[in-house]
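Visitor: Provided below for reference: sequence and predicted model.
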Amino acid sequence: MGTIRRGTKNAFRNTIRTVSIALILGISFALALVMILSLQAVRKQISAVSTSSGTTITVTPAGFGGFGFGGGNPLSAGTVATIEGTRHVVSVVQSVTGRLVNPNTASSSGGPFGGPTSKTSSTTSLVSPISGGALGGAFGGGATTGFVPPVQVTGTNAPTQASTVNATSLTLASGSAFSGDASGYQALVGSSLAKKNDLRVGSTFTAYGKTFTVDGIYTTNSTFANAGLIMPLKTVETLSGVSGPTSATVTVDSIDNVTSTAAALQTSLGTNVATVTAGTPGSQAVVASYNSIEQISLYSLIGALIAGSIILLLSMLMIVRERRREIGVLKAFGSSNRGIVGTFVAEAMTLTVLGGALGIALGALLANPVLGVLERSSSSTPGQGRGPGFGRLAGAGFRPGAAISDLHAAVGPGLLIYGVLAVIGIALIGSAVPSFLIAKVRPAEVMRSE
Amino acid sequence: MISVTNLTKTFKSGETTVTAVDDLTFSVEAGQFASVVGTSGSGKSTLLSLLGGLDRPTSGEVRVDDLVISAGSDRELISYRRDTIGFVFQSFSLIPNLSATENVMLPMEFAGMRRAAQHERAVELLDGVGLDGDKQLRRPARLSGGEQQRVAIARALANSPKVILADEPTGNLDSKTGRVIVKALRGLTDSDGTTVIVVTHDMAVAQETDVTFRLEDGHLVAK
């Protein structure tokens, strides 16, 4: 105990030096902590992105670009069968989208983006809860004032899959979902659409000239999706006169097989039939962006830990050099090398713990601001986001713009354990070379300098 | 008894070899107060290092009672320095951030004594050298030179050594305080039978000792 007590006491011999070393170490530790937190947050996000879109492939008809864009023919049953039979394919979610306009909100019609210019558009008794806003005025088909967006219909064989409505989460607030092969006049209604039109489970409304029954009310993390409808795939296909899905979201068994499966699909389907896109558009750029943050964080973490070790090493070298005579005196009175080394390790540990405490405090203050800087510096490419709109990007519904801003730091028990281990490691590294020098100090040399 | 036989110590200094101690043979009886005198560079401190097990001779032998120091292992030398020898240095060499009491407790800590026992003996020793009360709790910087040297003597006595080796113990003290310290060292031989060897260039100190060895260029020229 005497060794540790003296080592701890020695750490406070020179207040200015102790404060300086602790401060520098603290800054180094704070940087390391921020980088660890950054790494954790980034890896979590990479995992989230990979989970939500990393194993999906989107297949759309060749030439199809969503409402108002391009043309092409729906995916045929044969095409879907080919997709389902392709190696590594786990599931295929088919969907077709349409727009329903309320005749009483005539300003929503008439243009390439807003009007019922395609076969998949029809009328409804429902009123969209979304206001036109500035974007509605700009992109709403020529209507400069009073534009009311249409209601988007998604026909799908996977009604509870959030990706079919471009969301990352979907829960049923009430009612139940229809089956994937249903073909009746039934629908799941988005929560805000239901509220706007006072719909409940069992309520009815008209669409495509038919009376539909509300099977359930769903809510998602997307404002636009909450203003839409989900109907059985076959129903929408029949009522809108489309002979097949306009999108197929293919899930493969592993992220490693995405690229090869996409290539295989494109080859087997042909570029004149379908366009195959690996993952959600933009997700690869997001992952790349996160990877760059991860790299920066990792290198900075290593750099910070090395800097901390070097700072402590040089400080301890300076201290040992300064106390050569004292080391000789201790040896002259019968202290072993081990005892003296123990004192210096305790001193190094004390300095490191002081620096660590300061670093944790600084790191906790700086973590989120630094993550913000990393996000801003790395999100220029994918960070614009898509947001709600009428352009249909079939797939997993990952929103790059939202995800890139979701980095948040959190300190957990695992991190604290790593921190303690890092402190011990740095203290040991910082006192290793000085310990070697201590062993080399001969008491006789001290006598000669007397 | 300390006996030195054909003791030689050489050092490499660049290309040349310096013989600091050259073929010394002498002995000091147990309980004697001995002094080693000589000019600067005559080999006094080197001799003290060899006697104290702080360094190993190039050749020859140092024997303390039945123990041959010059042939001891590192572990044996540590034990020897801790249990048999007490050092007193010219510049006191107290640990600056420890109190007088804690400085005296150090050798006892190395010997594995319990902390309470260390403290009790340290107080007793400091009382014995005339440093009492509040001064025992002071750090060295707040003690005078004479008081620091008394702490150093108390520290040297901590593990009840057979031999005290003092290197210029009065060198940094005024003559009056120096005489007090020499008297204290003399008291050790008289009361406890401790052997005291003092290296000094002060003839007044040498005259107080039982036997004086004069060194010149590493040779013993007179006794």
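Guide: Okay, I see it.

Visitor: Residues in contact with stretch B:130-145: which ones?
Guide: If you take CB atoms under 8 Å, 6 or more residues apart in numbering or on different chains as the criterion, stretch B:130-145 is touched by B:92, B:94-101, B:103, B:122-123, B:126, B:147-148, B:150-151, B:154, B:172-174, B:177. From N, CA and C alone the C-beta is placed, and that goes for glycine too.

Visitor: thinking A:S191 is in contact with A:S222, fair?
Guide: No: here A:S191 does not reach A:S222: they are 10.9 Å apart, not a contact under CB atoms under 8 Å.

Visitor: mind listing what A:A187 touches?
Guide: Contacts for A:A187 were tallied using CB under 8 Å, 6+ apart; they are A:F205, A:A207, A:F212, A:T213, A:V214, A:D215, A:L229, A:I230, A:M231.

Visitor: can you do 7 Å?
Guide: Contact partners of A:A187, counting by CB atoms under 7 Å, 6 or more residues apart in numbering or on different chains, are A:F212, A:V214, A:D215, A:L229, A:I230, A:M231.

Visitor: about what we covered before: now which of the contacts of stretch B:130-145 would you call buried?
Guide: Among the contacts of stretch B:130-145, the ones that count as buried by 16 or more other CB atoms under 10 Å in any protein chain shown are B:92, B:94-95, B:97-101, B:103, B:122-123, B:126, B:147-148, B:150-151, B:154, B:172-173, B:177.

Visitor: what subset of those residues is also close to chain A?
Guide: B:I95, B:N97 (CB under 7 Å from any CB of the partner chain).

Visitor: Helices of chain A, start to end?
Guide: Counting by DSSP state H, chain A has helices at residues A:2-10, A:15-49, A:77-84, A:133-139, A:191-196, A:233-240, A:258-269, A:283-322, A:324-332, A:337-378, A:400-403, A:413-440, A:443-448.

Visitor: To chain B, which of the ones you listed lies closest?
Guide: Of all the helices of chain A, it is helix A:443-448 that lies closest to chain B, at 3.5 Å by CB to the nearest CB.

Visitor: what would the helices of chain A look like in a markdown table with mean pLDDT, distance to chain B and mean neighbour count?
Guide: Converted to a markdown table, these look like this (pLDDT from 0 to 100; distance: least, CB to the nearest CB, whole Å; neighbours: other CB atoms under 10 Å in any protein chain shown):
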| stretch | mean pLDDT | distance to chain B | mean neighbour count |
| --- | --- | --- | --- |
| helix A:2-10 | 88 | 4 | 19 |
| helix A:15-49 | 83 | 11 | 20 |
| helix A:77-84 | 91 | 78 | 16 |
| helix A:133-139 | 59 | 71 | 14 |
| helix A:191-196 | 93 | 70 | 20 |
| helix A:233-240 | 90 | 82 | 21 |
| helix A:258-269 | 88 | 65 | 18 |
| helix A:283-322 | 81 | 11 | 19 |
| helix A:324-332 | 90 | 5 | 22 |
| helix A:337-378 | 83 | 7 | 20 |
| helix A:400-403 | 39 | 55 | 20 |
| helix A:413-440 | 78 | 10 | 17 |
| helix A:443-448 | 68 | 3 | 21 |
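
Visitor: So which of those is nearest B:K12?
Guide: helix A:443-448 (13.8 Å; CB to CB).
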